[in-house]
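Visitor: pasting the structure only:
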Ligand code: F6R
């Protein structure tokens, strides 16, 4: 894992955007895996700015989102469909048919999950997966003790995740208990992963992901087995890392050709 510690979340978001933009320029028909939540907002703002100011072209890009709440129609204000439209898709020139987000109102959820996996394969696989991390170490909505080999399926949220996400809903009771999420195996198949984490509340989960033992109790720790992961942190999110000085040194000493 390559850990990149930036002074602020704004700077970390810009580094993440530079990584995504490089791929989009080099491979205009790349397949992006996308996350929702508060963390990727700066990344999406910067990608939208690059589209407007620099003509970054998303017209041939295909996207697959990690997850969606079961029971929320796509036009529900708290759905991840609405989130993605508002925060990214309405701001760039993405082609409608190339957007994929699990359908929380699917009648046959297992069949829908299988079809989602098949669509990823048909698209040629995910080139770059953007990830946030839950304060309990989840990626996607693969909660602690999820199978490290899991595929897209229905999951039950922990109370901690429901509490964390209540801010997006009028009432805590409105947060759905079930979600559809890409599995950990699905995420691990991506060509590269870019994990973003900001704030002290994420520090323990980040330490578990980067330095802790590989364990299903911290699902993100499986990323230690992925050959190409960049972890972008602000200082508070990096505060529990034992080897932070080493990660800074690696970044400072990087040859020019390896830089973002
Ligand atoms: C969202 C997702 C989740 C979030 C995580 C962090 O699509 O898959 O794993 O990335 O819950 O959420 P925030 O960024 O709101 O702290």
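Guide: Thanks, I have the structure now. These figures come from a predicted structure and were not determined experimentally.
Visitor: in stretch 35-50, what's buried?
Guide: 35-37, 39-48, 50 (16 or more other CB atoms under 10 Å). No exception for glycine: its C-beta is placed from N, CA and C like everyone else's.
Visitor: Next: stretch 55-73.
Guide: Buried residues in stretch 55-73, counted by 16+ other CB under 10 Å: 56, 58, 61-70, 72.
Visitor: Lowest pLDDT pick from those residues?
Guide: By pLDDT, residue 72 ranks lowest within those, coming in at 94.
Visitor: who touches that one in this structure?
Guide: By CB atoms under 8 Å, 6 or more residues apart in numbering, the residues touching residue 72 are 78-79, 104-105, 176.
Visitor: can you check residue 166 too?
Guide: Contact analysis of residue 166 by CB under 8 Å, 6+ apart lists 172, 175.
Visitor: What score does it have for pLDDT?
Guide: So, for residue 166, pLDDT stands at 94.
Visitor: sorry, back to before: now the two most distant members of the buried residues of stretch 35-50.
Guide: 37 and 50 (21.1 Å; CB to CB).
Visitor: In strands only, show me the buried residues of stretch 55-73.
Guide: Counting by DSSP state E, the part of the buried residues of stretch 55-73 found in strands is 62-65, 67-69.
Visitor: what does the helix or strand containing residue 206 contact?
Guide: Secondary structure from DSSP states H and E places residue 206 in helix 203-210. For helix 203-210, the external contacting residues (CB under 8 Å, 6+ apart) are 1, 3, 133-137, 195, 197, 218, 220-221, 223-224, 231, 233, 236-242.
Visitor: does that helix come close to the ligand?
Guide: No: counting by CB under 6 Å from any ligand atom, the ligand is not contacted by helix 203-210; separation bottoms out at 9.2 Å.
Visitor: swap in stretch 144-160?
Guide: No: on the criterion CB under 6 Å from any ligand atom, stretch 144-160 is out of touch with the ligand, staying 9.7 Å away.
Visitor: quick one: stretch 213-224 near the ligand?
Guide: No: judged by CB under 6 Å from any ligand atom, stretch 213-224 stays clear of the ligand, getting no closer than 8.9 Å.
Visitor: for the protein, what spans make up the helices?
Guide: Applying DSSP state H to the chain gives helices spanning 9-26, 41-54, 80-87, 109-122, 159-165, 184-188, 203-210, 244-252.
Visitor: Centre of the chain to stretch 97-116, how far?
Guide: Centroid separation for stretch 97-116 versus its chain: 18 Å, with CA atoms, centre = their mean, to the nearest Å.
Visitor: Need the distance between the two termini of it.
Guide: 14 Å (CA to CA, to the nearest Å).
Visitor: so for that stretch, what's the average pLDDT?
Guide: 97.
Visitor: buried residues in that stretch?
Guide: 98-104, 106, 109, 112-113, 115-116.
Visitor: Mind putting those into a markdown table with distance to the ligand?
Guide: Below are these laid out as a markdown table (distance: CB to the nearest ligand atom, whole Å):
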| residue | distance to the ligand |
| --- | --- |
| 98 | 18 |
| 99 | 15 |
| 100 | 13 |
| 101 | 10 |
| 102 | 10 |
| 103 | 15 |
| 104 | 13 |
| 106 | 17 |
| 109 | 17 |
| 112 | 17 |
| 113 | 15 |
| 115 | 19 |
| 116 | 14 |
